[in-house]
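Undergrad: Turn this into a model:
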Amino acid sequence: MSTSSSTAGALGAQGGKAARPLTGQDYKTLALAALGGALEFYDFIIFVFFATVIGQLFFPPTVPDWLRQLQTFGIFAAGYLARPLGGIIMAHFGDLLGRKKMFTLSILLMSVPTLLMGLLPTYHAIGLLAPVALLLLRILQGAAVGGEVPGAWVFVSEHVPNRHIGYACGTLTAGLTAGILLGSLVATGINTVFTPAELADYGWRVPFLLGGVFGIGSMYLRRWLHETPVFAELQQRKALAEEMPLKSVVRDHRGAVLVSMLLTWMLSAGIVVVILMTPTFLQKLYGFDGRTALVANSVATLCLSVGCVVAGVLADRIGARRTLFAGGILLAATAYALYTMIGARPDLLLPLYALAGFFVGTIGAVPYVLVHAFPAQVRFSGLSFSYNMSYAIFGGLTPVVVTLMLKNDPLAPAHYVVGVCLIGIITALFVRNRARG
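TA: I've put the predicted structure just below:
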């Protein structure tokens, strides 16, 4: 499972710049990429914060509550299942035509479906066409984010010196998770401003309409970004992939794909279960009101963003293997403590959730491994294929699997996260620490 054979010379275009410090242009690129990623990721995840009201509005009222929740999370999961399609297509052209073009296209493909979600008629108005239309728009969102996240990691890693790749990827990941924080804050505000009746009537539409506006803002921001030096040099030297990039990835880099997929599984478990699904669990399983659950989630997500940067810096300093090994253990321990203690000690919700959120930030070291796993000619395709296939299989099924497990196991979220963390910890042992050049 070692990725050593895949990494030789993968950042060759940066080799001579490995020792230079970060410049003002580097920080500008990181800031614009992270901010744009935050706004786009908001569009992708805002759905989950309104899963309860969406379930009530888009499915028949006669459906049992557990089945309605399962169907709603199933539509949310469809976005993950669609990620490989968009990711593979955009990565293919990103490796052949340029990182920036695909990095900008993904925003358009995200913002339009989000805006349309806010305008959709409900089940009461058009019957079963309502959940079908919601599903189709969710699939389009998944295709967009499938190109956005891998493209963003490749983009920032190819702009900065080698010894700051962990920091760049951690900062970008923090930007993406800040999109979750933005969603949580908007959801908290919506639940505060509107009564439950107003929320069900029209208030739920507001965050989706805001998402369309955020998408336009993201497109404007990315006009100021430049193509990566690595791709520009490959293009100049006519050293781009000579065959379909994905074909080369599947044939020559299987070990790198496997390691990348397993680490992405840990990443998806932390994000989907601990951050995205837990506000619903807090209300359904532990009796917290919606506002308390969302405030706690906002604090946890803020800690997650900080944790991503810390993990990225540690990957630069002590290596990704140690960072992921220790972080996986601490994530498992804090997530287990969260779900097992808040039932008896609801007063500890905020500190326990904040601590678990911080160690979900261990995922900030995962893209460091992924961008190091594939040579520059096929990096976008290799990273996108591994990341999106893993998210489609594991991230996409996680909401459904955990919801089904809850029927017989009230600690299903804890047991799932701990189990996946163990897989991530073992996989981390096969990650080799090395400089790229």
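
Undergrad: pLDDT wise, what is residue 354 at?
TA: Looking at residue 354, its pLDDT stands at 96.

Undergrad: and what of residue 3?
TA: Residue 3 is given a pLDDT of 44.

Undergrad: next one: residue 92
TA: 66.

Undergrad: Also residue 241?
TA: We note a pLDDT of 51 for residue 241 in this prediction.

Undergrad: do the same with residue 434
TA: 49.

Undergrad: Repeat that for the one 3 residues further on.
TA: Residue 437 is assigned a pLDDT of 32 by the prediction.

Undergrad: Same check on residue 154?
TA: pLDDT, residue 154: 84.

Undergrad: now do residue 282
TA: Residue 282 is given a pLDDT of 89.

Undergrad: Give me the buried stretch members for the host helix or strand of it, please.
TA: Per DSSP states H and E, residue 282 falls inside helix 278-284. Of all the residues in helix 278-284, those buried under the rule 16 or more other C-beta atoms under 10 Å are 278-284. For every residue, glycine as well, the C-beta is placed using N, CA and C.

Undergrad: Show me how far that helix is from its chain's centre.
TA: Relative to its parent chain, helix 278-284 has a centroid offset of 20 Å by C-alpha atoms, centre = their mean, to the nearest Å.

Undergrad: of all the buried residues of helix 278-284, which comes closest to residue 426?
TA: residue 278 (25.0 Å; C-beta to C-beta).

Undergrad: hmm, back to that, distance to residue 80 for the buried residues of helix 278-284 - can I get that in CSV?
TA: As requested, the buried residues of helix 278-284 are exported to CSV (distance: C-beta to C-beta, whole Å):
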residue, distance to residue 80
278, 17
279, 18
280, 17
281, 19
282, 22
283, 23
284, 21
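
Undergrad: Nearest to residue 386 among the residues you listed?
TA: Using C-beta to C-beta, residue 278 comes nearest to residue 386 of these, at 26.4 Å.

Undergrad: I'd say residue 327 and residue 312 touch.
TA: No. Counting by C-beta atoms under 8 Å, residue 327 stays clear of residue 312, with 11.3 Å between them.

Undergrad: For residue 377, see how far away the residue lying closest to residue 21 once chain neighbours are set aside is.
TA: Leaving aside its chain neighbours, residue 21 sits nearest to residue 161 (7.4 Å; criterion: C-beta to C-beta, 6 or more residues apart in numbering). Distance from residue 161 to residue 377, counting by C-beta to C-beta, to the nearest Å: 21 Å.

Undergrad: Quick check: what element follows the helix holding residue 282 along the chain?
TA: The helix or strand immediately downstream of helix 278-284 is helix 290-318, counting by DSSP H and E.

Undergrad: With just CA atoms, put the helix or strand just after that following helix into CSV.
TA: Downstream of helix 290-318, the first helix or strand assigned by DSSP H and E is helix 320-341. The C-alpha trace of helix 320-341 is given here as CSV (Å, rounded to 0.1, in the frame of the first residue of the first chain):
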residue,chain,number,x,y,z
ALA,A,320,1.7,13.0,7.7
ARG,A,321,2.1,9.5,9.2
ARG,A,322,2.6,10.7,12.8
THR,A,323,0.0,13.4,12.4
LEU,A,324,-2.7,11.0,11.1
PHE,A,325,-1.8,8.2,13.5
ALA,A,326,-2.1,10.4,16.6
GLY,A,327,-5.0,12.4,15.2
GLY,A,328,-7.0,9.3,14.4
ILE,A,329,-6.6,8.0,18.0
LEU,A,330,-7.7,11.3,19.5
LEU,A,331,-10.6,11.7,17.1
ALA,A,332,-11.9,8.2,18.0
ALA,A,333,-11.5,8.9,21.7
THR,A,334,-13.2,12.4,21.7
ALA,A,335,-16.0,11.3,19.4
TYR,A,336,-16.8,8.3,21.6
ALA,A,337,-16.8,10.6,24.7
LEU,A,338,-19.2,13.0,23.0
TYR,A,339,-21.8,10.4,22.1
THR,A,340,-21.6,8.4,25.4
MET,A,341,-21.5,11.3,27.8
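
Undergrad: in helix 320-341, what's buried?
TA: 320-332, 334-336, 338-339.

Undergrad: what packs against the host helix or strand of residue 383?
TA: According to DSSP H and E, residue 383 maps onto helix 379-390. Using 3 or more C-beta pairs under 8 Å, 6 or more residues apart in numbering; DSSP states H and E, the elements in contact with helix 379-390 are helix 83-97, helix 129-157, helix 245-252, helix 254-269, helix 366-372.

Undergrad: Would you mind putting the ones you listed into JSON lines with distance to residue 343 and mean neighbour count alongside?
TA: Formatted as JSON lines, these follow (distance: least, C-beta to C-beta, whole Å; neighbours: other C-beta atoms under 10 Å):
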{"stretch": "helix 83-97", "distance to residue 343": "34", "mean neighbour count": "23"}
{"stretch": "helix 129-157", "distance to residue 343": "32", "mean neighbour count": "24"}
{"stretch": "helix 245-252", "distance to residue 343": "45", "mean neighbour count": "18"}
{"stretch": "helix 254-269", "distance to residue 343": "21", "mean neighbour count": "23"}
{"stretch": "helix 366-372", "distance to residue 343": "31", "mean neighbour count": "30"}
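
Undergrad: So in this structure, where's the weakest helix or strand by average pLDDT?
TA: Using mean pLDDT, DSSP states H and E, the weakest-scoring helix or strand in the chain turns out to be helix 229-236, at a mean of 57.

Undergrad: just checking, residue 54 touches residue 205?
TA: No. Assessed by C-beta under 8 Å, residue 54 is found out of contact with residue 205, at 10.7 Å.

Undergrad: Who has more neighbours out of the two?
TA: residue 54 (24 against 16; other C-beta atoms under 10 Å).

Undergrad: Could I get the average pLDDT for the helix or strand containing that one?
TA: Assigned by DSSP H and E, residue 54 belongs to helix 51-58. Taken as a whole, helix 51-58 carries a mean pLDDT of 87.

Undergrad: Please save the CA atoms from the helix or strand following the helix holding residue 383 in PDB.
TA: Helices and strands here follow DSSP H and E; after helix 379-390, the next one along the chain is helix 396-405. What follows is helix 396-405, C-alpha atoms only, in PDB (Å, rounded to 0.1, in the frame of the first residue of the first chain):
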ATOM      1  CA  GLY A 396     -22.400   8.500   0.400                       C
ATOM      2  CA  LEU A 397     -23.500   5.400   2.300                       C
ATOM      3  CA  THR A 398     -22.600   6.700   5.800                       C
ATOM      4  CA  PRO A 399     -25.800   8.700   6.500                       C
ATOM      5  CA  VAL A 400     -27.900   5.700   5.400                       C
ATOM      6  CA  VAL A 401     -25.800   3.100   7.300                       C
ATOM      7  CA  VAL A 402     -25.700   5.100  10.500                       C
ATOM      8  CA  THR A 403     -29.400   5.800  10.400                       C
ATOM      9  CA  LEU A 404     -30.100   2.100   9.900                       C
ATOM     10  CA  MET A 405     -27.700   1.100  12.700                       C
END
